[in-house]
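Chemist: Model the structure of this input:
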Amino acid sequence: MIRPRSGAFIVGWLGAALLAPALAFPRTAQAQSLSHAQLSALNDKLSTEFGYYLGAEEEKHSDGKPYIDLGQRFEYMPSRARGGAIVVRAKCGGAEYVPNKGEMTKGIATGRIKYLVFTYALRNGQWTEIGRPQWQTQSLGPRAAERMTEAAERDEAAEEAARERQLHAAERPAPAVSPSPAKAPSASGPSVTPR
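Modeler: Here you go, the predicted model:
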């Protein structure tokens with residue numbers, strides 16, 4: 001005997017069936033892509049402003065203060081504003097570290113990831129910044145902090161080993177080139193007798 005399905009199951013299934021196309025095919029306003037020229041112009045704007053924040057974090061590191069090891073790769077999240085302008089949130093993040101005193105290593109991770117979010121709008125072919133960049137923080141906890149510190153130490157050790165290999169390769173003398181021995185006459189060719 002087949003039992004009829006419950007109303008909650010059918011409503012849930014129907015809701016999922018209606019929601020799936022919306023997730024698979026996002027609205028064009030949300031999925032607005034940027035042309036190569038638009039992206040290049042936005043990168044020019046971002047590089048100027050991002051340089052300030054990158055320098056500030058490097059200065060904190062050299063002063064022994066907690067700093068963000070910012071990556072230099074942005075995630076772009078375009079959308080459309082009411083007036084039809086394209087709005088892009090450009091997000092870049094990195095782990096927070098507390099430097100070891102007197103060492104130039106990354107230091108000890110705090111277990112926090114911080115993201116710097118820039119928001120720009122494209123109006124009449126020009127990118128303009130909307131507000132000031134905002135910091136967002138994600139706390140991953142003490143176990144993640146340990147793993148991040150261990151990973152940073154492994155990366156630094158691998159970089160040091162690569163530098164050592166390059167240094168030793170540059171110090172090695174070039175192999176001596178010996179003069180090539182005279183060729184013996186071939187058995188098939190004519191023989192030449194000295195006179």
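
Chemist: Name the residue closest to the centre of the chain, please.
Modeler: In the chain, the residue lying closest to the centroid (CA atoms, centre = their mean) is Arg73, at 4.1 Å.

Chemist: wait, that residue sits on Cys92?
Modeler: Yes: using CB atoms under 8 Å, Arg73 is in contact with Cys92, at 6.8 Å. Any C-beta I mention is one placed from the backbone N, CA and C, and that applies to glycine too.

Chemist: Quick check: which ranges of this protein have low pLDDT?
Modeler: Scanning the chain for pLDDT under 70 picks out the ranges 1-32, 173-195.

Chemist: where do the strands sit along it?
Modeler: 67-70, 75-80, 86-98, 108-123, 126-129, 134-139 (DSSP state E).

Chemist: Does anything pack onto the longest one? Which helices or strands?
Modeler: Counting contacts by 3 or more CB pairs under 8 Å, 6 or more residues apart in numbering; DSSP states H and E, strand 108-123 is packed against helix 36-62, strand 67-70, strand 86-98, strand 126-129, strand 134-139, helix 142-171.

Chemist: Direction included, what does it pair up with?
Modeler: Here strand 108-123 has these sheet partners by DSSP bridges: strand 86-98 (antiparallel), strand 126-129 (antiparallel), strand 134-139 (antiparallel).

Chemist: buried ones in the shortest one?
Modeler: So the one you mean is strand 126-129. By neighbour count with 16 or more other CB atoms under 10 Å, strand 126-129 contains the buried residues Trp127.

Chemist: Same question for the longest one.
Modeler: Of the residues in strand 86-98, those with enough neighbours to count as buried (16+ other CB under 10 Å) are 86-98.

Chemist: how distant is that strand from the center of its chain?
Modeler: Its chain's average C-alpha position is 10 Å from that of strand 86-98, according to CA atoms, centre = their mean, to the nearest Å.

Chemist: Next, count neighbours for the nearest residue to Val88 once chain neighbours are set aside.
Modeler: Of all residues not flanking Val88 in the chain, Pro78 sits nearest, at 4.8 Å (CB to CB, 6 or more residues apart in numbering). Using other CB atoms under 10 Å, Pro78 has 20 neighbouring residues.

Chemist: can you pull the contacts of Pro78?
Modeler: Gln32, Ser33, Leu34, Ile86, Val87, Val88 (CB atoms under 8 Å, 6 or more residues apart in numbering).
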